[in-house]
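Colleague: My questions concern the predicted model and sequence given below.
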Amino acid sequence: MTSGVLSVPRGWWPRVAALVRGRYGVQTGYAVNARDAVNLLQAKDPAAAAWWRQHCAHLLEGKRWFLFPTETSEERL
């Protein structure tokens, strides 16, 4: 189940309310730890990484995941 990065409900009760109201979507893709993704982005585009840190710091604690669609992703080992 997924939600938008900027529209994600903050706090336990808002998340439960969103779940009950059916506000989450179901999608498939590659799940990547959000903090790790932004740390990797830092090497490629520091300005973009700074944007994520400024606007979505609440997602970068190491407990959240970004979901990248499989059709636009390239798997690297």
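Modeller: Great, that's in hand.
Colleague: check which helix or strand covers Ala31.
Modeller: strand 30-33 (DSSP states H and E).
Colleague: same question, Asp36
Modeller: If you go by DSSP H and E, Asp36 is part of helix 34-44.
Colleague: Each with direction, which strands does the strand holding Ala31 pair with?
Modeller: In the sheet, strand 30-33 lines up against strand 65-68 (antiparallel) (DSSP bridges).
Colleague: Give me the below-cutoff pLDDT ranges for the chain.
Modeller: 1-15, 18-26, 72-77 (pLDDT under 70).
Colleague: Recalculate using a threshold of 90.
Modeller: For the chain, applying pLDDT under 90 flags the ranges 1-31, 56, 58-59, 63-77.
Colleague: Quick check: next helix or strand after the helix holding Asp36?
Modeller: Counting by DSSP H and E, what follows helix 34-44 is helix 46-55.
Colleague: Done for today, thanks.
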